[in-house]
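K.L.:
the following block contains a protein sequence and its predicted model.
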Amino acid sequence: MAYPSLEQYNEALQSPQLVLLDPDLKQAQLKKTGLGLPQALCGGFALTYTVTVGTRKFALRCFHKESRELERRYQAISARLKQLNSPYFLPFEFKPNGVRVQGNTYPIVKMEWAKGRTLAEFLEAEHRNTSALQKLRQALASLAAFLEQNNLAHGDIQPENIMVSGDGSTVQLIDYDGLYVEALKGSKAAELGQINFQHPQRSADDFGPTLDRFSFLTLDVALQTLIASPRIWTTSRSEPSAVVFRRNDFLNPGVSSVFQEAVVIPSARTHVENLAKVASGNFSTIPSLGDFLQGRGVLSGPITIRPNYVDVVYQGPYAVCDAANYGQVLQMVGSRVELVGRVHSVKNGWAQNRKPYVFINFSDWRGQAVKLAIWADGLDSIKPDIPNESWMGRWLSITGLVDPPYSNRVRTVSYTHLSITITARGQIQQLPEQEAKFRLGSMRKSASGPVGSTSSRNADILQGMGGKRMGRTPPVPTPTAAPRPAQSRNQQVLTGMHRQGPAKTPTLSPQMPTGSSGASQRSRQSSSSNHGWLPLVICGVVLLLLAKACVG
């Protein structure tokens, strides 16, 4: 049994009082996009929705990947965290039968909403604030020590899974899908974590209390370099998914330009060199953060970090998609990706809720196209850097969840769009053209499809555990029908969702305008009818030639 897709969850959750089986959540209000649809965020095995019940706020996690061990893992994790009662973790409930979709029930996690900002948002705003970074560094060191002392590991320590409160002195962990507790000893890892914060040799067999060590070493050394030289945030192209260092740097630190820049910072030199040694060593020999900072557990001897031009392939944390390739992005609906493309146009307007929006288009909006949707909340998050016409021609890298196709008609022009909804400043990064083509080049070297990264590695683990994923190729919606009697706003949204449903929409080529199907059918009919009289003509010509020969 496969779990529901993003489209199916979005359709069901428009009526939370009917589909959510938890009594508290039946009166829930879900955060929505400017189109009036539930706004989903992707994380690990689940889609996360923001839910408000009265004055309380929850994270509702709905699973879109299946694992036979999911319930057993969450039961073990829940029992251990309740026993610890630590402020590093949020209260949550795993409900095996939490949501009903198309007549079947599926598990959910209902989690208290975390206060503060994600570490990604915090660093985006505070990477030049030396005092805040020093407090954050100490807070992360305390968290690392706590996990070690209690034989715990989160499994995916990275900026999107750490919440930071106040001035950086308080942190909390979210997303417990890959968490290790002693009751799970002997199991395999459920996921491999975000690769920019993981040791290159980590595998599914590495599942134990030392799982987070390399992630904490990476964050600590990155913070040391930022404290001493804030400009490295810009020169290393840091972003929410990569703080100073990336997987490519760890694969060959001796020739990494980032390691070359970091190693000349006097106060961080020793720890930068030691991080390079640890990255080049075995996963099983990674020291704890405390030992690392004391120089213990690190290979002795020098490591050479110098310029050396080698042919490398970009390895990012998410699948890389070409924003100009609609068909390719269509395959990734419901998944988090890195979208790379050149801005074709920027559209400003007002949504149905009378709030402003900005669309960034990567090709002509007519027909099938990929765009960024920045609704009112997103505009507030990225101020004052609101996109405008001056962005045309710029190359961008965007990380986010690919929303389901949306079809509409403006006068006589029909269109079908795929989009990524922007909710935070760090989602959009401007790239030099050379860097953009380098990232897109990695995609082409991996056979024309989206380049797999963390998602593909985790999919391999999932398959080994007996799990399955929903297929990622939803049908292309049909053109908008002729005008009908006026519908309510919710009816219009539901009609649009039904129009995209698998059972009701013929599958068309993602690169073919939907209006061409009729022409193709007429062409086939014409060709078929031609086949009926063509043999008679040929026979007639042959008989005439024979008769002429006889007369001659």
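P.N.:
Nice, thanks for sending it over. Everything quoted here is computed from the prediction, not taken from an experiment.

K.L.:
separation between residue 220 and residue 141?
P.N.:
From residue 220 across to residue 141, the span is 7 Å (C-beta to C-beta, to the nearest Å). Where C-beta positions appear, they are placed from N, C-alpha and C, glycine not excepted.

K.L.:
now residue 57
P.N.:
30 Å.

K.L.:
cool, residue 88 as well?
P.N.:
Distance of residue 88 to residue 141, computed by C-beta to C-beta: 13 Å.

K.L.:
same question for residue 363.
P.N.:
47 Å.

K.L.:
with residue 129 instead?
P.N.:
Using C-beta to C-beta, one gets 18 Å for the distance from residue 129 to residue 141.

K.L.:
and if you look at residue 331?
P.N.:
Counting by C-beta to C-beta, the gap from residue 331 to residue 141 is 42 Å.

K.L.:
residue 114 too?
P.N.:
Distance, residue 114 to residue 141, using C-beta to C-beta: 20 Å.

K.L.:
what sits against residue 202?
P.N.:
192, 193, 214, 283 (C-beta atoms under 8 Å, 6 or more residues apart in numbering).

K.L.:
ok, the third one touching residue 199?
P.N.:
By that I understand residue 214. Yes - in this structure, residue 214 is within contact of residue 199 by C-beta atoms under 8 Å, at 4.2 Å.

K.L.:
list residues touching both of these two?
P.N.:
Common neighbours of residue 214 and residue 199 (C-beta under 8 Å, 6+ apart) are 278, 279, 283, 286.

K.L.:
closest to residue 233 among these?
P.N.:
When the shared contacts of residue 214 and residue 199 are compared for distance to residue 233 (C-beta to C-beta), residue 279 wins out at 20.5 Å.

K.L.:
which SSE is that closest one in?
P.N.:
Element membership for residue 279 (DSSP states H and E) is helix 269-280.

K.L.:
try residue 7
P.N.:
Per DSSP H and E: residue 7 is located in helix 6-12.

K.L.:
quick one: that helix to chain centroid distance?
P.N.:
17 Å (C-alpha atoms, centre = their mean, to the nearest Å).

K.L.:
who does it touch, helix- and strand-wise?
P.N.:
strand 40-43, strand 92-101, helix 489-499 (3 or more C-beta pairs under 8 Å, 6 or more residues apart in numbering; DSSP states H and E).

K.L.:
could I get the helix or strand just after it in PDB with only the CA atoms?
P.N.:
Using DSSP H and E, the helix or strand that follows helix 6-12 in sequence is helix 16-19. Only the C-alpha atoms of helix 16-19 are listed here, as PDB (Å, rounded to 0.1, in the frame of the first residue of the first chain):
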ATOM      1  CA  PRO A  16      -9.900  19.000   8.000                       C
ATOM      2  CA  GLN A  17     -13.100  18.500  10.000                       C
ATOM      3  CA  LEU A  18     -13.900  15.500   7.800                       C
ATOM      4  CA  VAL A  19     -10.500  13.800   7.300                       C
END
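
K.L.:
can you give me the offset of helix 16-19 from its chain's centre?
P.N.:
The answer for helix 16-19 is 27 Å, by C-alpha atoms, centre = their mean.

K.L.:
touching that helix from outside, list them.
P.N.:
Applying C-beta under 8 Å, 6+ apart, the external contacts of helix 16-19 come out as 12, 13, 25, 26, 27, 28, 29, 30, 51, 99, 100, 101.

K.L.:
for residue 137, which three-state class applies?
P.N.:
helix (DSSP: H, G, I helix; E, B strand; the rest coil).

K.L.:
buried set for the helix holding residue 279?
P.N.:
By neighbour count on 16 or more other C-beta atoms under 10 Å, the buried set for helix 269-280 is 271, 272, 273, 274, 275, 276, 277, 278, 279, 280.

K.L.:
any chance of those in TSV, with pLDDT too?
P.N.:
Formatted as TSV, these follow (pLDDT from 0 to 100):
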residue	pLDDT
271	98
272	98
273	96
274	97
275	98
276	97
277	96
278	97
279	96
280	94
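
K.L.:
how about residue 164, nearest residue that isn't a chain neighbour?
P.N.:
Nearest non-adjacent residue to residue 164, counting by C-beta to C-beta, 6 or more residues apart in numbering: residue 122, 4.2 Å away.

K.L.:
would you mind giving the contacts of helix 16-19 as JSON lines with neighbour count added?
P.N.:
Below are those laid out as JSON lines (neighbours: other C-beta atoms under 10 Å):
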{"residue": "12", "neighbour count": "21"}
{"residue": "13", "neighbour count": "24"}
{"residue": "25", "neighbour count": "21"}
{"residue": "26", "neighbour count": "13"}
{"residue": "27", "neighbour count": "12"}
{"residue": "28", "neighbour count": "21"}
{"residue": "29", "neighbour count": "12"}
{"residue": "30", "neighbour count": "19"}
{"residue": "51", "neighbour count": "23"}
{"residue": "99", "neighbour count": "23"}
{"residue": "100", "neighbour count": "14"}
{"residue": "101", "neighbour count": "17"}
